[in-house]
Structures are given as C-alpha cells and as structure tokens.
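Participant: no FASTA, just this:
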C-alpha cells in the first residue's frame, strides 16, 4: 500500500500519536473498526490469528480479544467510552499481559474528499515507562501491517460488489 503510517513518540510526555491515510471513504474505514467480522480480518500484525471474545461497539460498550501465533497468545481488553459514527472513537486499551496499565485512545476519522480519509490516533499512557514499553513492543509494525490489512480487506469487499 502506498499510504505510510506516521508515528510520533514525543519526548517528555506519555503520548503516542499516529496518522494514516486511506484510499477509502470515512464510512468504510469507520465500518472496518465497527464490524467485528472486518476487525478480525485486519487488526494486528500479519501472521496473527484474532479471536474476538466480546465486541459491543457502542458508547459504554466493551471489547476483549486474543491474538495468537506460534509464539503464544496475547489478550487485550477495553471500553468504548465514546462512539460517534464516522467521526470519533474514544476507548481504553489494555494488554492483559501487563494488567493495570491502561491507555486512553482517541481515534478521529477525517474526510479528505475524493473518497479518501485520514485516521488520527492519540494514545495517553499512565506513565512514561508504560508509553516507552508500548513504543518498543512492536506497536509500529502492528499498526503498519494492520492498516495494510484493513485496506486489503476493504479492497476485497469493493472488488466483490
């Protein structure tokens, strides 16, 4: 895919910011975050299987899922604090391998016109140590490969229409 991930880990603050453009409209990219069948096709790095245990995509809803590969399994959970269709998702994110380290994530969907959009993510961590651990965990690879798979899944859907 031609759209690169831009990831920023600013010095001195417990934030990670990222942006990624998509050659699909906001409604499609938002639906890829909303529809659990689509989420299972793209979320996470290549080579990981995703089993969604819970996915209640609404303000006040929650999610829980597990990634697995030959090296083991990795479970994640969170709460959807705010969901505004085609606009905004505010959620918590917790890797259950490090319980009690919860980040707050804001995802904003920006219409770029001409059937394109940009996803802007801002994650806040409870400490610099937690932020640095996430940044060093392979987050950039997971986001890059996941977003590539998101575009591939949407392209397959478009081709089959």
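Facilitator: That came through fine. A quick note: this is a predicted structure, and the numbers were derived from the prediction, not measured.
Participant: For residue 86, give me its contacts.
Facilitator: Listed by Cβ atoms under 8 Å, 6 or more residues apart in numbering, the contact partners of residue 86 are 26-27, 30, 109. (C-beta placed from N, C-alpha, C; glycine too.)
Participant: 10 Å instead?
Facilitator: Each residue near residue 86 by Cβ atoms under 10 Å, 6 or more residues apart in numbering is listed here: 25-31, 34, 109, 111, 117.
Participant: Phi first, then psi, for it.
Facilitator: Torsion angles at residue 86 (phi, psi; degrees, to the nearest 10) stand at phi 60, psi 20.
Participant: Let's see the pLDDT reported for it.
Facilitator: Among the per-residue scores, residue 86 holds a pLDDT of 98.
Participant: now do residue 159
Facilitator: pLDDT recorded at residue 159 is 87.
Participant: what secondary structure does residue 45 sit in?
Facilitator: coil (DSSP: H, G, I helix; E, B strand; the rest coil).
Participant: Helices along the protein, start to end?
Facilitator: 26-34, 36-42, 128-135, 139-160 (DSSP state H).
Participant: and these, which is most packed in?
Facilitator: Of the helices of the chain, the one with the most neighbours on average (mean count of other Cβ atoms under 10 Å) is helix 26-34, at a mean of 20.
Participant: picking up where we left off before, in CSV: the helices of the chain, plus distance to residue 80.
Facilitator: Formatted as CSV, these follow (distance: least, Cβ to Cβ, whole Å):
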stretch, distance to residue 80
helix 26-34, 10
helix 36-42, 12
helix 128-135, 20
helix 139-160, 18
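Participant: of all those, which lies closest to residue 79?
Facilitator: Minimum separation from residue 79 across the helices of the chain (Cβ to Cβ) falls at helix 26-34, 14.9 Å.
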